[in-house]
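# sequence and predicted structure, then a few things I'm wondering about:
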Amino acid sequence: MLSVAAALGIVVQASAAPTLVIDAAKPAGKVSPTLYGLMTEEINYSYDGGLYAELIRNRAFLDNSKDPVHWTAFQQGNGAATIALDSDQPLNDVIKTSLRVNITAASAHAPAGVANDGYWGIPVKPSTAYHVSFMAKAARGFSGHVTVSIVSDDGATVYAKTRGSRLSSDWKSYSVTLKTGKDAPATAKAKFVLSVDQPGTLWLSLVSLFPPTWENQPNGFRPDILQKLIDLNPKFLRFPGGNYLEGDTVETRFDWKKTIGPIDHRIGHPSPWGYRSTDGMGLMEFLRWCEDMNAEPVLAVYAGYSLKGQHVNPGPDLQPFVQDALDEIEYVAGPANSKWGAERAKDGHAKPFPLHYIEIGNEDWFDKSGSYDARFVQFSQAIRAKYPNLKLISTYDSYRPHGPNAKPDLFDDHYYRTVDEFLKDAGHYDKYDRSAPKIFVGEWAAHESSFPPWDRRSGALPPTPNMRAALGDAAWMAGLERNSDVVVMHCYAPLLVNINGRQWRPDLIGYDSMTSYGSPSYYAFRMFSTHVGDEILKGTVDNDSVFASVTRDTKKGIIYVKLVNPTADSQQLQIRIDGVDGLKGTAEAETLAADPEATNSISEPTKVVPVDTRVSDVKPSFTYTVAPSSVTVLQLHAK
């Protein structure tokens, strides 16, 4: 039998069967009620082309200043059309570019117009209703209608089609419903088309196509992806990120005031990951996402540092950004009769959202100017003066407090490590100073390769992690849970990846335009986050073959024993529970076990999933066989 140490190349002799001793008489601490949560940022097309259900790519014609990328002229038979960006026909004072479509030849049998290829295809599914909206105007003298359709890539097959209202010479909003037939195929090899049947010139802006969304919410979310997130039982959502919060420059940061209100007044902005964000996923959408998951927001506010090294000097230069953060907090949690609370109410949510945590900046250890200490002080003093009950998170754990109201409540630690590094350091917080600020592990993930997730060589690997990574993740989570008296929150990152457009790996959930799947690490996380007690019980394993965490749900009388066996051999684990009068003779086990190299994918979404079994002959002292390369949760019931 190989121990973990041997698996890591450390020469040791085989040890005896491991023993886990659990002290149920005296809790070691309280499990943080906010321990398990989610972190999100716009990376890997997480929002546009992902959770945010919009299907049209470059819907406002702002993704490229020279060309209408992802749009092409569409023509059938003798129809003919050309397209070009036009800054002389702006939609409004925010969206200042439109698409000019010149139709030089068209008829009922030979229409012409424009087509959009979506995010790697427009997904077609049978018996499905799509909501279409667009802004349009026509040159004087044009009296035709616009036909809206979804067609095959070659245009030969029409999957859905309807005729819109007659165009006018002024900008107007148009809305129609497209519905596929029951015999329509399930395919992404399709495109969206707007066409006319007579010559003329028209202009388009803000063209949108939504499939059915979560609870039919307008401007809403993809149901399959959101359901996978809800199934993780998250207690919080950290948003808007991440690098996405900072932007490459101050100008391209997440400027929240430009992301609220009607979408025809959201200009979008460049993301740090090489593509433009529509900002259809704005501040209100983030908050609604929290509400849909029954999770609280952990709001990250821009704190004056951007990725390419720009920073705002503390003092008068920083003050507008401090005020912007105060306004943002008021939008989220202020009363409806406050200035920004009223804007939230106008956006459809009169009731304030619950808010307890504010993160000031992101990864400010990268700021070579050394300005974060003073920037944090300026933000923290202003926020605490107005919102004394909010807890503030510092992004730099060497922070030195200066002055009153400047001590952080939490530090945000980030760890992207190899599986072996996580296994070696699973007890990272075991000896953490309990009098120091609490910890938020705001980003973490195990990677299987020797090069880091941002290395371009990772592009040769699957976008989501394999079972070996899940074992490292689970061992790390066991350590976080064991120390959840000080590690009050944590979240895996990145959360989402479009398999066609990734910039980073590994990622928790993968998808394309048609479907989605959870990785082995997703299921390991779900096993942990859905089996959480309120008390930490001390559990000691006498060798390094098995990692463990033990908690108790005092209301249900359930002891949760989480076990991680990263070795290639099964482990005959002796479990002894001191301090209980007795246990029911049967227990439930949920086990995730597979070959370490096995993984899930679009084609095999459930190759590695947990299995539920019953365990018999359970007593205060019993033997449980822990499967090789496995993550297990035992539910033991006290009498």
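Everything's here; your move.
# where along the stretch 451-600 of the chain do the helices fall?
For the stretch 451-600 of the chain, the helices defined by DSSP state H, counting those that start in this stretch cover 467-482, 520-529.
# just send those back as JSON lines, with mean neighbour count too.
All C-beta atoms are positioned from the backbone trio N, CA, C, and that covers glycine. Below are the helices of the stretch 451-600 of the chain laid out as JSON lines (neighbours: other Cβ atoms under 10 Å):
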{"stretch": "helix 467-482", "mean neighbour count": "27"}
{"stretch": "helix 520-529", "mean neighbour count": "26"}
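# now mean pLDDT and distance to residue 76 too, for these, in TSV please.
Listed next are the helices of the stretch 451-600 of the chain as TSV, based on pLDDT from 0 to 100; distance: least, Cβ to Cβ, whole Å:
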stretch	mean pLDDT	distance to residue 76
helix 467-482	98	49
helix 520-529	98	44
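# CSV please, covering those helices and showing distance to residue 545.
Shown next, in CSV, are those (distance: least, Cβ to Cβ, whole Å):
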stretch, distance to residue 545
helix 467-482, 12
helix 520-529, 18
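# thinking residue 553 is in contact with residue 537, fair?
No - the pair formed by residue 553 and residue 537 falls short of the contact definition of Cβ atoms under 8 Å, at 11.0 Å.
# so the two - more neighbours on which side?
residue 537 (25 against 17; other Cβ atoms under 10 Å).
# not counting residues beside it along the chain, what's closest to the more buried one?
Nearest residue to residue 537 in three dimensions, chain neighbours excluded: residue 550, at 4.3 Å (Cβ to Cβ, 6 or more residues apart in numbering).
# and that neighbour, what pLDDT?
In this prediction, residue 550 carries a pLDDT score of 98.
# unless I'm mixing things up, it is touching residue 22, no?
Yes - the pair formed by residue 550 and residue 22 meets the contact definition of Cβ under 8 Å, at 5.2 Å.
# are there residues contacting both of the two? Which ones?
When contacts are counted by Cβ atoms under 8 Å, 6 or more residues apart in numbering, residue 550 and residue 22 have 537, 538, 539, 559, 561 as shared neighbours.
# just the closest of the residues you listed to residue 209, please.
Comparing those against residue 209 with Cβ to Cβ picks out residue 561 as the nearest, at 48.5 Å.
# what are the phi and psi angles of the spatially closest residue to that closest one that is not a sequence neighbour?
When the adjacent residues along the chain are set aside, residue 561 lies closest to residue 634, with 4.2 Å between them (Cβ to Cβ, 6+ apart). Here the main-chain torsion angles of residue 634 (degrees, to the nearest 10) amount to phi -100, psi 140.
# now do the contacts for residue 634.
For residue 634, the contacting residues are 560, 561, 562, 563, 587, 588, 589, 615, 624, by Cβ under 8 Å, 6+ apart.
# give me the beta-bridge partners of it?
Beta-bridge partners of residue 634, counted by DSSP bridges, are residue 561, residue 589.
# try residue 192
Note on residue 192: beta-bridge partners residue 116, residue 150, judged by DSSP bridges.
# any figure for the gap between it and residue 59?
Counting by Cβ to Cβ, to the nearest Å, the separation of residue 192 from residue 59 is 10 Å.
# show me whatever sits in contact with both of those two.
Here residue 192 and residue 59 share the contacting residues residue 207, scored by Cβ under 8 Å, 6+ apart.
# of all the helices of the stretch 451-600 of the chain, which one is nearest residue 572?
Here helix 467-482 is closest among the helices of the stretch 451-600 of the chain (Cβ to Cβ), at 18.8 Å.
# what angle do that closest one and helix 520-529 make?
Between helix 467-482 and helix 520-529, the angle formed by their directions is 20 degrees, by axes from the mean of the first three to the mean of the last three Cα atoms, to 10 degrees.
# chain center to helix 467-482, what's the gap?
Between the mean C-alpha point of helix 467-482 and the mean C-alpha point of its chain there is a distance of 20 Å (Cα atoms, centre = their mean, to the nearest Å).
# number of nearby residues for the nearest residue to residue 579 once chain neighbours are set aside?
Take residue 579 and drop its neighbours on the chain: the residue closest to it by Cβ to Cβ, 6+ apart is residue 25, 2.8 Å away. Burial of residue 25 is recorded as 11 neighbouring residues (other Cβ under 10 Å).
# look up how far residue 145 lies from residue 198.
For residue 198, the distance to residue 145 equals 9 Å [Cβ to Cβ].
# same deal with residue 171?
17 Å.
# what sits in contact with each of residue 553 and residue 537?
Common contacts of residue 553 and residue 537 (Cβ under 8 Å, 6+ apart): residue 559.
# now list the buried members of the contacts of residue 634.
In these, burial by neighbour count holds for 560, 561, 562, 563, 587, 589, 615, 624, counting by 16 or more other Cβ atoms under 10 Å.
# in TSV: the residues you listed, plus distance to residue 576 and pLDDT.
Below are the buried ones among the contacts of residue 634 laid out as TSV (distance: Cβ to Cβ, whole Å; pLDDT from 0 to 100):
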residue	distance to residue 576	pLDDT
560	17	98
561	12	98
562	17	98
563	14	98
587	15	97
589	18	98
615	16	97
624	11	97
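# how about those residues in TSV, adding distance to residue 219?
Formatted as TSV, the buried ones among the contacts of residue 634 follow (distance: Cβ to Cβ, whole Å):
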residue	distance to residue 219
560	39
561	44
562	39
563	43
587	46
589	42
615	47
624	49
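# who's in contact with the residue nearest to residue 470 when sequence neighbours are not counted?
The shortest distance from residue 470 to any non-neighbouring residue, by Cβ to Cβ, 6+ apart, is to residue 520 (3.8 Å). Taking Cβ under 8 Å, 6+ apart as the contact definition, residue 520 lies against 465, 466, 467, 469, 470, 592, 594, 598, 599, 600, 608.
# with residue 75 instead?
If a contact means Cβ under 8 Å, 6+ apart, then residue 75 has 81, 106, 110, 111, 112, 113 as its contacts.
# from residue 115, how far out is it?
The span separating residue 75 from residue 115 equals 10 Å under the rule Cβ to Cβ.
# show me which of the buried ones among the contacts of residue 634 is closest to residue 30.
residue 560 (14.5 Å).
# surely that closest one touches residue 529?
No - counting by Cβ under 8 Å, no contact exists between residue 560 and residue 529, whose distance comes to 11.4 Å.
# sorry, back to before: measure the residue nearest to residue 537 to residue 574 for me?
Taken as Cβ to Cβ, the span from residue 550 to residue 574 is 14 Å.
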